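Visitor: okay, here's the prediction I keep looking at, along with the sequence it came from:
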Amino acid sequence: MTRQNPQIARYKKLLSFIDNHLKEDINIQKVEEVCHYSYRNINRIFEAIHHQTIGKYIKRLRLEKAAQYLKYSDMGVAEIAYEIGFEERAAFNKAFKNKYGCSPSSFRKSGEAMREMIQQSLLPAEGTERQRLQFEIEYLPDFEFIFLEYRGDYKDFASIDHTWGQLVNYATEQQLLSNQSIFMTEIIDDAEISDHINSRYNQALILEEPLGIEPEGLFRINSHKRQKYAKFTHQGSHESCIDFYQEIYAFWMLDVGLELVDLSLLEFYPNFDEKLPESELLTEVYIPVK
């Protein structure tokens, strides 16, 4: 491998630190300690890539995390505010309203109303019994993976395919592929909560053995810790997965009833083949639960 660009290395180190410490107080001193670089200089690099300062980026992620809690949990508003790093509920309410145009309580109510509307739209004709969601409980073990972050619209399949191509080409160059290679997507953000331009999806390859050194460019390494999941299997095109997700969450409480965990969703593609008809493609959806 070629020598890593020191500025990109500092940027990646900061990004990983923010991912792992989002709910903590991340001040200028901590940023400089992590990057071994002046805040002013690393902020210039960060803003050039994200079109946001470090501070605005962290605040946006915290508010989006709050919106996820409001949508998927029964935590109280004050508890959520404290959980994401706001000491005063009034300050949280103001920041949340500035971003989403409504109070946290109104946001939760609108989400519940939307879920009920989706439920009604998916119910079968009168006299016909609805097929319950089919899922399995599965534990995924510890593993490391190399990934490239895609940021953008989940429906922009051309751009997503381009990111996949970059990952496959890099993995091929570094001789990381084998007949047992497993690719996956780590879904970080909810497309209904995050702006399309900022939604993050990590296109990843599970490493069969530790890489040992820092990957080049914007490729990064992360670790998955053993976790319990509700596993759903979808057959059909990737485009139709969007409706599949809506059905899962619309009937989650009725058919699954397990408490969600604040971790990323994972997708695996057990029979992916470019020659296979889209109608036969399988997507395994892993939703983290307690």
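Guide: Everything's here; your move. Residues are numbered from 1 along each chain as shown.
Visitor: Three-state assignment for Ile26, please.
Guide: coil (DSSP: H, G, I helix; E, B strand; the rest coil).
Visitor: what about it, how many residues nearby?
Guide: Counted with other Cβ atoms under 10 Å, the neighbours of Ile26 add up to 19. (Each C-beta comes from the backbone N, C-alpha and C, glycine too.)
Visitor: could you list every residue that touches the closest residue to it other than its chain neighbours?
Guide: Distance criterion Cβ to Cβ, 6 or more residues apart in numbering; nearest residue to Ile26, sequence neighbours excluded, is Ile58 at 5.8 Å. When contacts are counted by Cβ atoms under 8 Å, 6 or more residues apart in numbering, Ile58 touches Ile18, Leu22, Ile26.
Visitor: tell me where the stretch 151-290 of the chain has strands.
Guide: Counting by DSSP state E, counting those that start in this stretch, residue ranges of the strands within the stretch 151-290 of the chain are 183-187, 200-206, 220-224, 227-235, 265-268, 282-288.
Visitor: pull the longest one out as PDB, backbone CA atoms only.
Guide: Spelled out, that is strand 227-235. Extracted C-alpha coordinates of strand 227-235, given in PDB (Å, rounded to 0.1, in the frame of the first residue of the first chain):
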ATOM      1  CA  GLN A 227     -25.200  -8.600  18.900                       C
ATOM      2  CA  LYS A 228     -28.700 -10.000  18.800                       C
ATOM      3  CA  TYR A 229     -30.900  -9.200  15.700                       C
ATOM      4  CA  ALA A 230     -34.300  -9.800  14.300                       C
ATOM      5  CA  LYS A 231     -33.500 -11.100  10.800                       C
ATOM      6  CA  PHE A 232     -36.000 -10.500   7.900                       C
ATOM      7  CA  THR A 233     -35.500 -11.800   4.400                       C
ATOM      8  CA  HIS A 234     -36.700  -9.900   1.400                       C
ATOM      9  CA  GLN A 235     -37.000 -11.400  -2.200                       C
END
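Visitor: buried residues in that strand, which are they?
Guide: Gln227, Tyr229, Ala230, Lys231, Phe232, His234 (16 or more other Cβ atoms under 10 Å).
Visitor: what's in contact with that strand?
Guide: Against strand 227-235 from outside (Cβ under 8 Å, 6+ apart): 133-140, 240-241, 244, 248, 256, 258, 261, 263, 266, 279-290.
Visitor: mind running it again at 6 Å?
Guide: With Cβ atoms under 6 Å, 6 or more residues apart in numbering as the test, strand 227-235 has contacts from 135-136, 138-140, 241, 244, 256, 282-289.
Visitor: give the partner strands of it in its sheet and their orientations.
Guide: strand 136-140 (antiparallel), strand 282-288 (antiparallel) (DSSP bridges).
Visitor: the fifth one too?
Guide: Here the strand partners of strand 265-268, with direction, are listed using DSSP bridges: strand 183-187 (antiparallel), strand 282-288 (antiparallel).
Visitor: with distance to Ser110, mean neighbour count and mean pLDDT added, can I get those in a markdown table?
Guide: Shown next, in a markdown table, are those (distance: least, Cβ to Cβ, whole Å; neighbours: other Cβ atoms under 10 Å; pLDDT from 0 to 100):
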| stretch | distance to Ser110 | mean neighbour count | mean pLDDT |
| --- | --- | --- | --- |
| strand 183-187 | 22 | 21 | 97 |
| strand 282-288 | 22 | 19 | 98 |
